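In: how would this look folded up:
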Amino acid sequence: METQTKASLTEQTRKGACLAFFSAYQDLDTARMIQLATSDATVYFMPMGEDGKGSLWEFGKAVWQLIMDSFPNVDNTVDSMKTEGDTIIAKVTIFGTQAQDFMGISNQGLSFNSDHVFVFRFNEADQITHLDINWDHASFGKQLGA
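Out: Down below sits the predicted model:
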């Protein structure tokens, strides 16, 4: 029974960390986002291929800051979360209106609404160690007029 309770608490703690991550994202606070992760945590923005891999604290923070600068009203809605072992899979809708050029997409003042899948991996201390992020990049670009 004690093991089951600990597992349940770990799951709740990890889901809480995910919600804290998305809350910080809503607040446009990259520092709060990355502080939920270990200093050597990694991130993979999957549609970017090999160019989408890097340190969560450096590369991830830079990408999220670019998103926030390019879409100053960027927001998100967590649609669902489920646990699989040491991972939390979050289905999230991200949306916003473009205010400056973004990764080769010229600013036309258009908005996007995009379903994303975030796969958070955790260590025993319930800190994020890796984050995979996937979305339909073709649809994202099309919504922005690319």
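In: would you mark the buried spots in the one helix or strand residue 121 maps to?
Out: Using DSSP states H and E, residue 121 maps to strand 111-122. Neighbour-count burial for strand 111-122 flags 112, 114, 116, 118, 119, 120, 121, 122 (criterion: 16 or more other Cβ atoms under 10 Å). Yep, even glycine has a C-beta here, placed from its N, CA and C like the rest.
In: now swap in stretch 51-67 and tell me
Out: In stretch 51-67, counting by 16+ other Cβ under 10 Å, buried: 52, 54, 55, 56, 57, 59, 60, 61, 63, 64, 67.
In: following element in sequence after the strand or helix carrying the last one, please.
Out: It refers to residue 67. For residue 67, the element it lies in under DSSP H and E is helix 61-70. Next along the chain after helix 61-70, taking DSSP H and E as the criterion, comes strand 75-84.
In: on that earlier part again, who does the helix holding residue 67 touch, helix- and strand-wise?
Out: helix 30-34 (3 or more Cβ pairs under 8 Å, 6 or more residues apart in numbering; DSSP states H and E).
In: in its sheet, what does the next helix or strand after the helix it packs on sit against?
Out: Next helix or strand after helix 30-34 toward the C-terminus (DSSP H and E): strand 37-45. When sheet partners are counted by DSSP bridges, strand 37-45 sits next to strand 53-55 (antiparallel), strand 128-135 (parallel).
In: residue ranges with poor pLDDT in the protein?
Out: Within the chain, the stretches with pLDDT under 70 are 1-7.
In: contacts for the helix or strand residue 142 falls within?
Out: Assigned by DSSP H and E, residue 142 belongs to helix 137-143. With Cβ atoms under 8 Å, 6 or more residues apart in numbering as the contact definition, helix 137-143 has outside contacts at 47, 105, 110, 111, 112, 113, 114.
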